[in-house]
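In: Give me a 3D structure for the following:
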Amino acid sequence: MQYLSIQKGNIAEALVKEGFAEVVGWSLDKMKPQQANALRRAENEAKKKRLRLWKNYVPSNTVSLLSICLSRNSLESITILDILHNISS
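Out: Residues are numbered from 1 along each chain as shown. Have a look, this model is predicted:
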């Protein structure tokens, strides 16, 4: 079992930073820019460390390329993308 303990601060930011939660775009729109940026930074940190929710995280540039390949139904493109991803890993 995992535990998260914070003395002071923002519980949402702490949960996101530890990979227990993710940032949702519509909720950021309702926050002050400073708060939204703090959550984005926390999520990016969790993604880089591949914590909990992000243990199988694939960087967005690969995801967007994969999305393009899938939308075009191009198996050749997906195969090439997988090879390139494995080489760069």
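
In: helices and strands around the lengthiest helix in the chain, which ones?
Out: The single longest helix within the chain, with elements called by DSSP state H, is helix 33-49. Counting contacts by 3 or more Cβ pairs under 8 Å, 6 or more residues apart in numbering; DSSP states H and E, helix 33-49 is packed against helix 11-17, helix 25-28. (Glycine included, C-beta is placed from N, CA and C.)

In: That helix: which residues count as buried?
Out: 36, 38-39, 42-43, 46-47 (16 or more other Cβ atoms under 10 Å).

In: Those residues into JSON lines, with extra columns for pLDDT and distance to residue 28?
Out: Formatted as JSON lines, the buried residues of helix 33-49 follow (pLDDT from 0 to 100; distance: Cβ to Cβ, whole Å):
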{"residue": "36", "pLDDT": "90", "distance to residue 28": "4"}
{"residue": "38", "pLDDT": "92", "distance to residue 28": "10"}
{"residue": "39", "pLDDT": "92", "distance to residue 28": "7"}
{"residue": "42", "pLDDT": "94", "distance to residue 28": "12"}
{"residue": "43", "pLDDT": "93", "distance to residue 28": "10"}
{"residue": "46", "pLDDT": "95", "distance to residue 28": "16"}
{"residue": "47", "pLDDT": "93", "distance to residue 28": "16"}
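
In: okay if I get these as a markdown table plus distance to residue 6?
Out: As requested, those are exported to a markdown table (distance: Cβ to Cβ, whole Å):
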| residue | distance to residue 6 |
| --- | --- |
| 36 | 19 |
| 38 | 14 |
| 39 | 15 |
| 42 | 12 |
| 43 | 17 |
| 46 | 15 |
| 47 | 20 |
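
In: Residue 20 and residue 43, how far apart?
Out: Residue 20 sits 11 Å away from residue 43, going by Cβ to Cβ, to the nearest Å.

In: Common neighbours of the two, please.
Out: Common contacts of residue 20 and residue 43 (Cβ atoms under 8 Å, 6 or more residues apart in numbering): none found.

In: who touches residue 25 in this structure?
Out: With contact set as Cβ under 8 Å, 6+ apart, residue 25 has no partners.
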